[in-house]
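give me a model of this one.
(one chain, ligands or ions: 1)
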Amino acid sequence: MTTGIKDKKLPVGIDGKAMNLSVVGSGYIGLVTGIGLAMSGHQVTCIDCDSTVVTKINHAIYPFYEPSLDGLLEKCVNKNCNLKAVEEYSEIANCDASFICVGTFSKSENNTDFSNIADAAAQIGHALRDTNAYHLVVVKSTVPPGTTEEVIIPILEKQSSKKAGRDFGVAVNPEFIQEGNASRSSLNPDRVIIGEHDQKAGDILQSLYESSYSGPIIRTSIRTAEMIKYASNAFLATKITFINEIGNLCKKLGIDVYDVAQGMGYDPRIGQRFLNAGIGFGGSCLPKDLEELICRAQQTGYDSRLLSAVLNINAAQPLILTQIAEERLGGLKDKVVTVLGLAFKAGTDDMRDAPSLKVIAQLMSQGALVKTYDPKAMPRAKTIVGDGVEFCASAQEAIDGTDCVLIVTDWEQFKDEELYRGKLVIDGRRALDPDTANHVCAHYEGVCW
Ligand code: UDX
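Predicted structure coming up:
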């Protein structure tokens, strides 16, 4: 398998040696980061407070579904023996650098809860208190511009009784990993952004990347690096929402938005990617990062009308799917409706901010009987949506006897038109080709085509 990273026998840190590195937080970003560093030959300790996650990693079992990394964890844990997981932070004292990869989550009033990051910084600071060696702290968690300087560094300094830039280094190194495509987007990223508090911190981090990466490395200030991450995700969210808006209009005008997107995308200033119209974006990053950026703007007294509009349009987009179903069925009460796909996109079992959740809630509130199937996300979905929904063993079982199929995630197996013979199908992801689907289905239409 090509991972974009070389198996090096003689890895290099800044002084030409392998480094001892700790990665705090073994969620999606943390574990993928740890694997990337271990694949470069460094000795990696993943730290996580969840004992189940720690045990799984030490047995080379992924705590989440990520097919693009198949075999790499096994290689690092069992073959190269340079990745392990622990629950304690004490190991940090023996490491050259620590990567903060813990998650943030949104509080009720569109506000970010930084308690995980504050905890991680406090624990790292505490572990550094009795060490004499220079230690690099790298913030990979996505934090609003200003957070590292205003929150993280003061905590590190207080807990360690040391001075940033002198006794320890700090850098911000945002992650652009796409779930389901982690091997390319993490191990061989399009660019590496290094926001440095001090030059030594930036030099060490650059040397860590240079041992296995030959793409562009951009060195900048800490705040700029934090903003690059938010601006990138806000742009992607806006691009998706833009094409959905054009799609909603195209449908009314009898124009296929996918033809329009293709014609637009040949302009290199626009590009073909992220112009797939549908029920909108979900996932752990785009919705949350957009909310946080809007909130950060508000804190400065700036009303970010464009980003607020993107968020609002995106929130409404999945509900167009249920509106169409309601119109076609003459109401949803007691109608059997199949929601095909639950994960926020194909290739992952991640249910965070998945459009399927909005679709299911809307169907249930209108009295529909919901059947569903997803090849990977059902265990996670069951803990969120509960018993009101019938979880089926296959796509076919979910479709049998239904009044209407809503395609919500474009898993490859859902692209088989034979599944839908004689059914009313409303496609939220352009999983089917409208030209042929219309011959197989009783009725086929897309959310915005
Ligand atoms: C995103 C960013 O791409 C990544 O750089 C960042 O680090 C984390 O957030 P991810 O959440 O894994 O990655 O998913 P992505 O592939 O970006 O898709 C996000 C959402 O947009 C999904 O729900 C997807 O279905 C939707 N999408 C994407 C569209 O609706 N249309 C598109 O054309 C592309």
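
relative to the ligand, how far out is Ile193?
11 Å (C-beta to the nearest ligand atom, to the nearest Å). The way it works is simple: take the backbone N, C-alpha and C, and place the C-beta from them, glycine included.

wait, that residue touches Ile228, no?
Yes: judged on C-beta atoms under 8 Å, Ile193 makes contact with Ile228 at a distance of 5.2 Å.

what residues do these two have in common as contacts?
174, 218, 220 (C-beta atoms under 8 Å, 6 or more residues apart in numbering).

what about the second one, which SS state?
In terms of secondary structure, Ile218 is strand; the call rests on DSSP: H, G, I helix; E, B strand; the rest coil.

wait, it sits on Pro189?
No: using C-beta under 8 Å, Ile218 and Pro189 do not qualify as a contacting pair, with a distance of 11.2 Å.

quick one, which of those two is more surrounded?
Pro189 (20 against 12; other C-beta atoms under 10 Å).

name the nearest residue to that one, ignoring sequence neighbours.
Phe176 (5.7 Å; C-beta to C-beta, 6 or more residues apart in numbering).

what pLDDT does the one you found get?
As predicted, Phe176 sits at a pLDDT of 93.

same deal with Lys9?
36.

do the same with Lys79
92.

same question for Asn111.
pLDDT at Asn111 comes out at 65.

where does this protein have low pLDDT?
1-16, 105-111 (pLDDT under 70).

near the ligand, which residues of it show up?
175-179, 233, 236, 240, 274-276, 278, 280-286, 344-345 (C-beta under 6 Å from any ligand atom).

which outside residues touch the host helix or strand of Ser98?
Element membership of Ser98, judged by DSSP states H and E, is strand 97-100. With contacts defined as C-beta under 8 Å, 6+ apart, strand 97-100 is touched by 19, 21-25, 30, 33-34, 37, 92, 117, 120-121, 124, 135-141, 152, 173, 204-205, 208.

narrow those to just the buried residues.
19, 21-25, 30, 33-34, 37, 92, 117, 120-121, 124, 135-141, 152, 173, 204-205, 208 (16 or more other C-beta atoms under 10 Å).

domain map for the protein?
The chain is divided into the following domains under automatic domain parsing: 2-220, 253-446.

start and end of the last one, how far apart?
For domain 253-446, the first and last residues are 14 Å from each other (C-alpha to C-alpha, to the nearest Å).

and stretch 329-341, by the same measure?
Span of stretch 329-341 from end to end, C-alpha to C-alpha: 21 Å.

buried sites along it?
Buried, per 16+ other C-beta under 10 Å, within stretch 329-341: 329, 332, 335-341.

do stretch 260-276 as well
260-261, 264, 274-276.

just the residues you listed: which are in helices?
Taking DSSP state H as the definition of helices, the buried residues of stretch 260-276 contribute 260-261, 264.

which of these sits closest to the ligand?
Nearest to the ligand among those is Ala261, at 8.6 Å by C-beta to the nearest ligand atom.

what's near enough to touch the closest one?
243, 246, 272, 275-277 are the contacts of Ala261 under C-beta under 8 Å, 6+ apart.

let me know the closest of those to Asp256.
Within the contacts of Ala261, the smallest distance to Asp256 is 9.7 Å, found for Ala277 (C-beta to C-beta).

next, the contact list for the closest one, please.
By C-beta under 8 Å, 6+ apart, the neighbours of Ala277 are 243-244, 246-247, 257-258, 261, 430, 446-449.

going along the chain, name the strands of the stretch 151-300 of the chain.
168-172, 192-196, 217-220 (DSSP state E, counting those that start in this stretch).

single out the most deeply packed of the ones you listed.
Counting by mean count of other C-beta atoms under 10 Å, strand 168-172 has the highest mean neighbour count of the strands of the stretch 151-300 of the chain, with a mean of 28.
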